[in-house]
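Trainee: Attaching a predicted model along with its sequence, questions to come.
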Amino acid sequence: MQLSALLVAGLCAVPSVLGHGEPNTAAAIAHRDAHIKRSVQSLGSCANKLVGRGVSIERQAKTSAFVNRYLARRGLEGGFEAAPSLAKKQSTCVLSPEQEEGPFYLDGELIREDITEDEAGVDLLLDVTVIDVNTCEPLSGVMLDFWSCNSTGTYSGYAQEQTTGLTWLRGLQVSDDDGVVQVTTKFPGWYGGRAQHIHIKAHVDYTIDDETETITGGTVPHTGQIFFDQDLLTTVNAVAPYTSDTNPFTLNADDRVVTQQANSTDGYDAFVDITLTGTDVTDGLLGRLTIAIDSSATPGPA
């Protein structure tokens with residue numbers, strides 16, 4: 001199973017679109033690529049800074065605790081320890097371009113660590129570090145917004161999906177003083193024309209409504225999509241309930257978003273680091289990634 005780091009950086013260089021089929025314009029891609037080159041230079045010393053400050057050691061402990069809490073809830077054997085080599089690799093990140101929002105985003109979702117509700121499927125523990133693209137310092141108070149389809153390719157909360165009022169596989173979590181965000185979701189299924197993926201937004205300068213446990217206001221400096229190694233997809237899709245997904249299947253190599261990013265950005269890699277939390281995928285998966293935000297960047301053309 002490939003272990004490859006992810007870094008998603010920059011203020012949104014292209015506007016959100018209302019459909020997965022809308023490609024980025026040439027002007028938007030050019031603006032995005034110019035921003036990426038500047039960000040690569042800024043991030044050149046990030047790995048050494050993060051390891052030198054001991055952040056990787058702290059991250060190992062937080063990651064291990066996150067996984068062991070999950071294993072305890074499921075009554076599975078604990079004692080999981082995040083590998084030091086993985087933690088160091090996680091500090092050496094690969095820049096990726098900004099991505100489209102897609103048609104299934106909803107605002108007003110709940111702030112919560114576990115967004116699985118009663119959905120079936122393989123548990124996915126997303127362990128994220130948020131850093132500043134210019135300083136390489138962890139960013140606290142960034143609210144990450146996650147949403148994805150379920151094991152059979154359906155999104156919650158939409159009339160056309162016959163899921164109006166449902167909220168599974170949607171939610172937000174805020175980064176702590178070390179820039180850490182941890183959320184438990186389900187490994188996504190697929191639907192026609194798209195490879196399996198998860199959407200992420202970052203919110204800043206928002207207001208928390210303590211009564212509703214939601215946020216209002218603020219700005220969104222990042223919208224992105226993350227993907228998974230094809231061999232991992234083959235393994236996960238061979239177990240129930242993914243075997244019930246009858247939608248046309250799209251390989252990573254044939255996905256428009258994956259190929260557009262790979263072709264337009266040198267060194268692009270949006271594949272999450274994956275580690276088994278037990279003996280096989282049904283025991284749960286740990287997914288690690290780093291998101292860098294450049295709050296000083298400006299939006300590009302549509």
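Mentor: Great, that's in hand. Numbers count the residues shown, from 1 in each chain.

Trainee: make it CA atoms for all contacts and neighbour counts henceforth
Mentor: Will do.

Trainee: now the helices for the stretch 201-302 of the chain?
Mentor: 230-236, 256-264 (DSSP state H, counting those that start in this stretch).

Trainee: again, but for the stretch 51-200 of the chain
Mentor: Going by DSSP H, counting those that start in this stretch, the stretch 51-200 of the chain shows helices at 55-74, 84-91.

Trainee: Mind telling me which of the ones you listed the model trusts least?
Mentor: Mean pLDDT is lowest for helix 84-91 out of the helices of the stretch 51-200 of the chain, coming in at a mean of 55.

Trainee: Count the residues that sit near the nearest residue to D118 once chain neighbours are set aside.
Mentor: Excluding the flanking residues, the one nearest D118 by C-alpha to C-alpha, 6 or more residues apart in numbering is W168, at 7.7 Å. Other residues lying near W168 total 23 when counted by other C-alpha atoms under 10 Å.

Trainee: what's the distance between W168 and T184?
Mentor: Going from W168 to T184 by C-alpha to C-alpha, to the nearest Å gives 11 Å.

Trainee: what touches both of these two?
Mentor: Each of I115, T116 lies in contact with both W168 and T184 under the rule C-alpha atoms under 8 Å, 6 or more residues apart in numbering.

Trainee: Show me where this structure has its strands.
Mentor: 7-8, 95-96, 123-132, 143-147, 170-174, 180-186, 198-204, 207-209, 214-216, 219-226, 273-276, 285-293 (DSSP state E).

Trainee: now those strands in a markdown table, with mean pLDDT and distance to E81?
Mentor: As requested, the strands of the chain are exported to a markdown table (pLDDT from 0 to 100; distance: least, C-alpha to C-alpha, whole Å):
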| stretch | mean pLDDT | distance to E81 |
| --- | --- | --- |
| strand 7-8 | 42 | 23 |
| strand 95-96 | 44 | 27 |
| strand 123-132 | 92 | 14 |
| strand 143-147 | 96 | 25 |
| strand 170-174 | 98 | 23 |
| strand 180-186 | 98 | 16 |
| strand 198-204 | 91 | 25 |
| strand 207-209 | 97 | 34 |
| strand 214-216 | 96 | 33 |
| strand 219-226 | 82 | 24 |
| strand 273-276 | 94 | 11 |
| strand 285-293 | 88 | 12 |
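
Trainee: Looking at these, spot the one closest to I111.
Mentor: I111 lies closest to strand 170-174 among the strands of the chain, at 4.5 Å (C-alpha to C-alpha).

Trainee: Just the C-alpha atoms of the closest one, please, in CSV.
Mentor: Extracted in CSV, the C-alpha atoms of strand 170-174 (Å, rounded to 0.1, in the frame of the first residue of the first chain):
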residue,chain,number,x,y,z
ARG,A,170,-21.0,15.6,6.9
GLY,A,171,-19.4,17.6,9.7
LEU,A,172,-16.8,20.0,11.0
GLN,A,173,-13.9,19.9,13.4
VAL,A,174,-11.6,22.7,14.5
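
Trainee: for that strand, which positions count as buried?
Mentor: R170, G171, L172, Q173, V174 (16 or more other C-alpha atoms under 10 Å).

Trainee: which helices and strands does it pack with?
Mentor: Strand 170-174 sits against strand 143-147, strand 180-186, with contacts defined as 3 or more C-alpha pairs under 8 Å, 6 or more residues apart in numbering; DSSP states H and E.

Trainee: Report the angle between that strand and strand 143-147.
Mentor: 160 degrees (axes from the mean of the first three to the mean of the last three C-alpha atoms, to 10 degrees).

Trainee: Just confirm L276 contacts L285, I think it does.
Mentor: Yes: using C-alpha atoms under 8 Å, L276 is in contact with L285, at 4.9 Å.

Trainee: Does A83 touch Q60 like I think?
Mentor: Yes: with contact defined as C-alpha under 8 Å, A83 counts as touching Q60 (7.2 Å).

Trainee: Which one's more surrounded, the two?
Mentor: With neighbours defined as other C-alpha under 10 Å, A83 and Q60 compare such that Q60 has more, 19 against 14.
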